[in-house]
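*Asks:* here is a sequence with its predicted model. Questions after.
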Protein chains: 2
Amino acid sequence: MFPRVAIIGCGLIGGSFAMALRVADEVEEVVVFDREAAVADRAIALGIGDRVAPTVADAVSDADLVLVAVPVGQIGAVLATIGPALRSDAVVTDVGSTKGDVVVAARAALGARVDRYVPGHPIAGRERHGPDAAQFDLFHGRRVLLTPLEENDAASVDRIAAAWRACGARVDRLDAKVHDDVLAAVSHLPHLLAYALVAQVVDAADAELRFTLAGAGFRDFTRIAASSPELWRDVALANRAALLLELDDYRARLDALRGWIADGDGSSIERMFATASVAREAWREGD
Amino acid sequence: MFPRVAIIGCGLIGGSFAMALRVADEVEEVVVFDREAAVADRAIALGIGDRVAPTVADAVSDADLVLVAVPVGQIGAVLATIGPALRSDAVVTDVGSTKGDVVVAARAALGARVDRYVPGHPIAGRERHGPDAAQFDLFHGRRVLLTPLEENDAASVDRIAAAWRACGARVDRLDAKVHDDVLAAVSHLPHLLAYALVAQVVDAADAELRFTLAGAGFRDFTRIAASSPELWRDVALANRAALLLELDDYRARLDALRGWIADGDGSSIERMFATASVAREAWREGD
């Protein structure tokens, strides 16, 4: 049970976290802050928060748990602002899709208080964003990855893990570098690819016809292209080293495919497609 | 009402078409043929067909309507085989994802009888294939694109259109070249991209961890990578000219993105992402 939880950033993830803790009866009061006052007000109207704090420092000043749910490019600045206002026994976590850069920013922002900050990343998103997209069961059965710091004491990590479990999530711990490398491949790169494809359709002279004739395959493939541009811009820059490695690997695969298509090399094409198809069939989790 | 319908190829599409006509009470007898005898038998067991024909020519010899639902690379050979066996008043259609190459093959295969063949393409798929994936409502509310030949008489086109409408589909007519150009962008290229991404994850040293940590975004993005490798190999080769144009456009976009990420050019990244996000939000059909 957390008497007071502060939510910094009242979007899809921050809102869903607060709703999940409320439904689980694990929180007494939720204080919210958002850089956009209208978003914070909306979060109150939706029952996500009990009250809006006038400043981000006020939001955390009496909180037991602080969730920082802002785009990764802003996490350092938020932590620097809230650091001096944190209660000495508060625990802080974030929900950023990258961890290496956020940890660097957190150490710079929090100094010795970084021991209260446990980096986290729920593998649960939707392409819609904002508080209206929040849902109490967003994390049910989903993984939350924590990448604890050597400075963290076990009790802080356990409290953050307990909060996520109360939201219905499964909690895993792993190294921040491993996290970033893996997510570059299975999350960040796909977002890039989906955005690029939709941008290509938009730019076509017959874009309207193309959207009209696009079917379910296009729908699923491009669903993540409706995600927040700002959030994913930050991710692309924050995880750039790992992402560029994955992107270069991918471009090499497209180059190979291009050659096979131009040469009419059906067996090489089919071999790649079959490798993927068998693996994707085998991976059905949540499908 | 079609007294006798022949289904050549008892997979997802052929099976669903037969089931839909049955449910609509628009067919008396469904005769099936599949190059794999076990698949044809399974189609009977599932209620898709009434009887299995011993040869493809036998299947069509007394049919009013023939649906050729085989990978595009095989359509020409099937049409060449069934041509001489067709009743003079039969109508024939296919379900291939490409149309230009299929029309060339059909003219070569059918000669003067090509007037009975109306090229078609239902924009309705699933990533699962085979008769067990068939469902009577697969085409409900979906588009079916017909690309009629100048040789077709209006009555033949109308009969094929009527059959698809009986399956619950909306029928549009368009030029075969336009069809292939548009589908290259919104269907064929996304399949290629999804296959390539899953192949990349498979090839990673930590593939198992990557699949374990992949979430809903990866799931949707890669769903089409479970599709039939043979079918999509054929599509990639059949529509190669249009597909290579789209692929080259796409590679140029990835090159640009790569440069922006390497240079830390967040505003260019965000501009592309925002263009895509706004367009994808606006395109919600069937979502």
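*Replies:* The structure has been received and is ready for your questions. Numbering: from 1, shown residues only, chains lettered A, B, ... in the order given.
*Asks:* for residue A:62, which residues are in contact?
*Replies:* Listed by CB atoms under 8 Å, 6 or more residues apart in numbering or on different chains, the contact partners of residue A:62 are A:4, A:87. (C-beta placed from N, C-alpha, C; glycine too.)
*Asks:* so it sits in a helix?
*Replies:* No. Residue A:62: not assigned to a helix; according to DSSP: H, G, I helix; E, B strand; the rest coil it is coil.
*Asks:* separation between it and residue A:114?
*Replies:* Distance of residue A:62 to residue A:114, computed by CB to CB, to the nearest Å: 21 Å.
*Asks:* could you chop chain A up by domain?
*Replies:* A:2-174, A:178-282 (automatic domain parsing).
*Asks:* turn the ones you listed into a markdown table, including mean pLDDT and distance to residue B:68.
*Replies:* A markdown table is the format used below for the domains of chain A (pLDDT from 0 to 100; distance: least, CB to CB, whole Å):
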| stretch | mean pLDDT | distance to residue B:68 |
| --- | --- | --- |
| domain A:2-174 | 96 | 37 |
| domain A:178-282 | 97 | 20 |
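*Asks:* can you redo the ones you listed as JSON lines with distance to residue B:198?
*Replies:* Listed next are the domains of chain A as JSON lines, based on distance: least, CB to CB, whole Å:
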{"stretch": "domain A:2-174", "distance to residue B:198": "18"}
{"stretch": "domain A:178-282", "distance to residue B:198": "4"}
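*Asks:* residue B:76: which of those domains is closest?
*Replies:* Comparing the domains of chain A by their distance to residue B:76 (CB to CB), the top pick is domain A:178-282, with 15.2 Å.
*Asks:* straight-line length of that closest one, end to end?
*Replies:* End-to-end distance for domain A:178-282: 23 Å, by CA to CA, to the nearest Å.
*Asks:* now swap in stretch A:198-208 and tell me
*Replies:* End-to-end distance for stretch A:198-208: 12 Å, by CA to CA.
*Asks:* show me the contact partners of it.
*Replies:* Under the criterion CB under 8 Å, 6+ apart, residues A:210-211, A:214, A:222, A:225, B:178, B:181-182, B:185-186, B:246, B:249-250, B:253, B:272, B:275-277, B:279-280 lie in contact with stretch A:198-208.
*Asks:* again, 6 Å this time
*Replies:* Identification of contacts with stretch A:198-208 by CB atoms under 6 Å, 6 or more residues apart in numbering or on different chains yields A:210, A:222, A:225, B:185, B:249-250, B:272, B:275-276, B:279-280.
*Asks:* check the offset of it from the chain's centre.
*Replies:* Centroid separation for stretch A:198-208 versus its chain: 28 Å, with CA atoms, centre = their mean, to the nearest Å.
*Asks:* the residue nearest the centre of chain A: what secondary structure?
*Replies:* The residue lying closest to the centre of chain A (CA atoms, centre = their mean) is residue A:97, at 4.1 Å. For residue A:97, the assignment made with three-state DSSP gives coil.
*Asks:* count the residues that sit near residue A:111.
*Replies:* Around residue A:111 there are 12 other residues, counting by other CB atoms under 10 Å in any protein chain shown.
*Asks:* now do the phi/psi pair for it.
*Replies:* When read as degrees, to the nearest 10, the backbone of residue A:111 gives phi 60, psi -130.
*Asks:* quick check: it vs residue B:188, distance?
*Replies:* Going from residue A:111 to residue B:188 by CB to CB gives 54 Å.
*Asks:* same check, this time on residue A:227
*Replies:* Remark: distance between residue A:227 and residue B:188 (CB to CB) = 24 Å.
*Asks:* cool, residue A:98 as well?
*Replies:* From residue A:98 to residue B:188 the distance is 33 Å (CB to CB).
*Asks:* which one of those two is surrounded by more residues?
*Replies:* Comparing residue A:98 with residue B:188 by other CB under 10 Å, the one with more neighbours is residue A:98, at 28 against 25.
*Asks:* I'd assumed residue A:73 was in contact with the more buried one.
*Replies:* No. Using CB atoms under 6 Å, residue A:98 is not in contact with residue A:73, being 9.8 Å away.
*Asks:* the longest helix in chain A is where?
*Replies:* helix A:240-263 (DSSP state H).
*Asks:* show me what that one is packed up against.
*Replies:* Helix A:240-263 sits against helix B:189-203, helix B:240-263, with contacts defined as 3 or more CB pairs under 6 Å, 6 or more residues apart in numbering or on different chains; DSSP states H and E.
*Asks:* give the next helix or strand downstream of the shortest one.
*Replies:* So the one you mean is helix B:189-203. Next helix or strand after helix B:189-203 toward the C-terminus (DSSP states H and E): helix B:207-213.
*Asks:* how far is that following helix from where the chain is centred?
*Replies:* Using CA atoms, centre = their mean, the offset of helix B:207-213 from its chain centre is 31 Å.
*Asks:* show me the contacts for the residue in the stretch 1-150 of chain A positioned nearest to chain B.
*Replies:* Nearest to chain B in the stretch 1-150 of chain A, going by CB to the nearest CB, is residue A:123, at a distance of 4.0 Å. Shown in contact with residue A:123 (CB under 6 Å, 6+ apart): A:142-143, B:215.
*Asks:* ends of stretch A:83-90, what's the gap?
*Replies:* End-to-end for stretch A:83-90, by CA to CA: 10 Å.
*Asks:* check stretch A:49-60 too.
*Replies:* Note: stretch A:49-60 ends 13 Å apart using CA to CA.
*Asks:* what of stretch A:120-139?
*Replies:* Using CA to CA, first and last residues of stretch A:120-139 are 13 Å apart.
*Asks:* ditto for stretch A:18-33
*Replies:* Stretch A:18-33 has an end-to-end distance of 12 Å (criterion: CA to CA).
*Asks:* on that earlier part again, if I look at the residue of the stretch 1-150 of chain A closest to chain B, how far off is residue B:216?
*Replies:* 8 Å.
*Asks:* wait, residue A:228 touches residue A:127, no?
*Replies:* No. Contact criterion CB under 6 Å: residue A:228 and residue A:127 do not qualify, at 8.9 Å.
*Asks:* is the host helix or strand of residue A:222 in proximity to chain B?
*Replies:* Element membership of residue A:222, judged by DSSP H and E, is helix A:216-222. Yes. For helix A:216-222 and chain B, the contact criterion (CB under 6 Å from any CB of the partner chain) is met by A:217-222.
*Asks:* circling back to that earlier point, okay, the helices and strands packed on helix A:240-263, which one's buried deepest?
*Replies:* Compared across the helices and strands packed on helix A:240-263, helix B:189-203 shows the largest average neighbour count, a mean of 24 (mean count of other CB atoms under 10 Å in any protein chain shown).
*Asks:* okay, the angle between that helix and helix A:240-263?
*Replies:* Counting by axes from the mean of the first three to the mean of the last three CA atoms, to 10 degrees, helix B:189-203 lies at 120 degrees to helix A:240-263.
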